[in-house]
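[1] got a sequence here, can you build the structure:
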Amino acid sequence: MFTRITSLIVKEFLQVFRDPRMKFVIFVSPVVQMFIFGYAATMDITNVPTAVYDLDNTKESRDIIRDFSYSKYFNIENYLQKEEDIKYVMDQSRIKSVIRFNRGFAQDIAGNNSALMQIIVDGTDSNAAQIVLSYAGTIVNNYNVRVLQERAGIFLKDKNIYPAVDLRDREWFNENLYSRNFYLPGVIAMIVTLMSLILTSMAIVREKEIGTMEQLIVSPIKPIELILGKITPFGIIAIVQMVMIAVVGVLWFKIPCRGSIPLLFGATLIYLLTSLGIGLFISTISSTQQEAMMSVFLFYFPAILLSGFAYPIANMPHWVRIITIVNPLKYYLIILRSIFLKGVGIPILWDKMLALLVMGAVVITISSSRFRKNLG
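    Predicted structure coming up:
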């Protein structure tokens with residue numbers, strides 16, 4: 001039995017690596033994707049192109065403009081001269097925000113009145129616009145506090161006894177709040193999922209297309225041996241890819257890996273039961289490699305959207321959250337991020353790993369049964 005399985009595994013490796021393009025897809029493509037996602041998949045917003053329309057042109061308005069320009073979030077690129085320029089620069093997408101001061105801004109501050117200023121943001125990307133508005137609100141609030149402190153110092157004769165709340169924040173697990181640290185562990189899950197699905201489904205369908213499946217059927221190989229011989233090489237390849245992109249993430253992008261490496265391997269092996277099983281199932285319902293590819297992406301993209309990779313599951317409608325319960329990628333993402341960022345172990349992650357194990361067993365059983373039936 002083991003001799004036949006080993007021979008089939010060797011045959012699959014030879015079949016995969018015979019094509020130079022497959023070597024590129026397996027070993028180079030995941031690393032390239034990791035670099036692309038590493039630099040592109042970020043929600044950190046800095047250096048927002050900003051214009052200023054200052055009708056007051058006083059020390060007070062210039063102080064606020066200086067606060068904006070000295071922050072890392074806004075980059076003052078243009079000073080507008082007339083009202084129509086605001087619409088022009090926003091329509092051209094050259095500027096993402098405009099800071100506007102009307103006449104009398106400094107006079108209102110001096111008279112202890114509320115001085116009005118306006119910030120106009122490009123709302124095409126609503127999430128980015130909300131982040132930009134929060135940055136602007138923080139800068140303006142800091143300016144208000146500074147003005148209040150100066151006024152209090154004057155009225156209290158520099159006794160510095162005005163009340164204040166000193167908020168000290170502390171960020172756990174992602175101290176610098178880099179969104180890259182959150183997204184890159186998810187990239188590992190995406191690449192492992194995609195490659196295991198494609199390789200498994202395409203390899204078995206290829207046997208049907210070239211007519212060698214009939215030869216395997218009449219050979220002494222048993223269905224279970226054929227299944228193991230087919231999915232084992234792709235499981236090994238997926239593990240190798242996981243190691244490659246994890247090493248790139250840790251060494252190049254400085255993603256922290258605080259958890260157990262053996263636990264990372266164990267969780268990936270359990271997850272591969274599901275992804276390889278789904279690939280096996282797709283191979284049983286597909287007659288051509290084109291059908292298999294289309295079926296893979298029909299499963300892959302909804303799984304990514306419902307995994308919490310980019311969009312929080314808690315913000316989804318209730319009926320959508322119910323669907324995510326049967327999404328194995330969701331649990332694998334939680335495990336990866338917990339291992340890399342939090343450094344937690346089995347006492348915290350056992351329920352997620354158990355869910356993956358149950359789903360993997362169910363998927364492998366269904367796929368194997370259908371595969372045997374097709375062979376029969």
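
[2] only C-alpha atoms from now on, for both contacts and neighbour counts.
    OK.

[3] which stretches of the protein have low pLDDT?
    Scanning the chain for pLDDT under 70 picks out the ranges 1, 41, 152-166, 211, 213-218, 372-376.

[4] can you give me the domain boundaries for it?
    12-42+178-375, 48-155 (automatic domain parsing).

[5] mean neighbour count, the ones you listed: which tops it?
    Ranked by mean neighbour count, the domains of the chain are led by domain 12-42+178-375 with a mean of 18 (mean count of other C-alpha atoms under 10 Å).

[6] from Ile109, how far out is Val147?
    9 Å (C-alpha to C-alpha, to the nearest Å).

[7] Thr6 too?
    81 Å.

[8] now swap in Glu150 and tell me
    In terms of C-alpha to C-alpha, Glu150 sits 12 Å off from Ile109.

[9] now swap in Lys352 and tell me
    56 Å.

[10] returning to what we had before: between the domains of the chain, which one is nearest to Leu167?
    domain 48-155 (12.9 Å; C-alpha to C-alpha).

[11] so who does Thr58 touch?
    Going by C-alpha atoms under 8 Å, 6 or more residues apart in numbering, Thr58 touches Ala106.

[12] ramachandran coordinates for it?
    phi -120, psi 180 (degrees, to the nearest 10).

[13] from what I see, Leu276 and Ile231 are in contact.
    Yes. Between Leu276 and Ile231 there is a contact at 6.5 Å, judged by C-alpha atoms under 8 Å.

[14] and the helices in the stretch 251-376 of the chain?
    Ranges of helices within the stretch 251-376 of the chain are 261-285, 289-305, 318-323, 328-337, 346-375, based on DSSP state H, counting those that start in this stretch.

[15] can you tell which of these is closest to Asp56?
    Judging the helices of the stretch 251-376 of the chain by C-alpha to C-alpha, what sits closest to Asp56 is helix 289-305, at 47.8 Å.

[16] can you tell me the closest non-neighbouring residue to Arg337?
    Excluding its sequence neighbours, the residue lying closest to Arg337 (C-alpha to C-alpha, 6 or more residues apart in numbering) is Pro185, at 5.9 Å.

[17] mind listing what the one you found touches?
    Ala246, Leu333, Leu336, Arg337, Phe340.

[18] quick check: the last one vs Val250, distance?
    Relative to Val250, Phe340 is positioned 9 Å away (C-alpha to C-alpha).

[19] need the residues touching each of these two.
    Shared contacts of Phe340 and Val250, counting by C-alpha under 8 Å, 6+ apart, come down to Pro256, Cys257.

[20] how about the strands in the chain?
    With DSSP state E as the criterion, the chain has strands at 48-54, 74-79, 97-101, 117-121.

[21] looking at those, spot the one closest to Leu280.
    Leu280 sits nearest to strand 48-54 of all the strands of the chain, at 47.3 Å, using C-alpha to C-alpha.

[22] mind listing the strands that closest one pairs with, and their directions?
    With DSSP bridges as the test, strand 48-54 is paired with strand 74-79 (parallel), strand 97-101 (parallel).

[23] reformat these as TSV; add distance to Ala361.
    Below are those laid out as TSV (distance: least, C-alpha to C-alpha, whole Å):
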stretch	distance to Ala361
strand 74-79	52
strand 97-101	53
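
[24] so which of those comes closest to Gln130?
    strand 97-101 (11.7 Å).

[25] got the angle between the closest one and strand 117-121?
    Relative orientation of strand 97-101 versus strand 117-121 (axes from the mean of the first three to the mean of the last three C-alpha atoms, to 10 degrees): 160 degrees.

[26] distance between strand 97-101 and the chain's centre?
    32 Å (C-alpha atoms, centre = their mean, to the nearest Å).

[27] put the alpha carbons of it into CSV.
    Below are the C-alpha coordinates for strand 97-101, written out as CSV (Å, rounded to 0.1, in the frame of the first residue of the first chain):
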residue,chain,number,x,y,z
SER,A,97,-8.9,67.5,1.3
VAL,A,98,-9.3,71.3,1.5
ILE,A,99,-9.0,73.4,4.7
ARG,A,100,-11.1,76.6,4.5
PHE,A,101,-11.1,79.7,6.8
